[in-house]
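Trainee: Just the structure for this:
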Amino acid sequence: MPVWRKRNQAEYERMAALIQENPGIRQAALAQRLGVARSTVQRRLPSLEEMGYLLYEDQSGRLFFWRKVKR
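Mentor: Residues are numbered from 1 along each chain as shown. Here you go, the predicted structure:
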């Protein structure tokens, strides 16, 4: 079972929404807005992909929402 299903799905959806609302947000800023450690954000990013959220991270570490695919 994917990690995101074991935990609060709403937290992951909020993370995805913040990335979509703030194109180019960095992991540290995202962590601050969520009230979690940067390492938590880093750990959750692969789970967002499992949920169907396709993200893009550029060479300087900025995150962008690509699209949501149905799974």
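Trainee: can you tell me the helix or strand for the closest residue to Glu49 other than its chain neighbours?
Mentor: If the residues on either side of it in the chain are set aside, Glu49 comes closest to Leu55, at 7.1 Å by C-beta to C-beta, 6 or more residues apart in numbering. Just so you know, the C-beta spots here come from the backbone N, C-alpha and C atoms, and that holds for glycine as well. Secondary-structure assignment from DSSP states H and E places Leu55 in strand 53-57.
Trainee: Name the strands paired with that strand and say parallel or antiparallel.
Mentor: strand 62-68 (antiparallel) (DSSP bridges).
Trainee: what distance separates the strand it pairs with from the centre of its chain?
Mentor: Mean-position distance between strand 62-68 and its chain equals 9 Å (C-alpha atoms, centre = their mean, to the nearest Å).
Trainee: And the contacts of it?
Mentor: Applying C-beta atoms under 8 Å, 6 or more residues apart in numbering, the external contacts of strand 62-68 come out as 16, 19-20, 23-27, 30, 52-58.
Trainee: Of these, grab the buried ones for ChimeraX.
Mentor: Selecting only the buried entries of the contacts of strand 62-68 in ChimeraX, with 16 or more other C-beta atoms under 10 Å as the criterion:
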select :16,19,20,25,26,27,30,53,55
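Trainee: tell me the mean pLDDT over stretch 31-44?
Mentor: Per-residue pLDDT over stretch 31-44 has a mean of 94.
Trainee: Of all the residues in that stretch, which ones are buried?
Mentor: Using 16+ other C-beta under 10 Å as the test for burial, stretch 31-44 gives Ala31, Val41, Arg44.
Trainee: on that earlier part again, look up which residues are beta-bridged to the residue nearest to Glu49.
Mentor: Beta-bridge partners, per DSSP bridges, of Leu55: Phe65.
Trainee: Go ahead and confirm it touches Leu45.
Mentor: Yes. Applying C-beta atoms under 8 Å, one finds Leu55 in contact with Leu45, separated by 6.8 Å.
Trainee: and the two most separated of the contacts of strand 62-68?
Mentor: Arg26 and Gly52 (22.9 Å; C-beta to C-beta).
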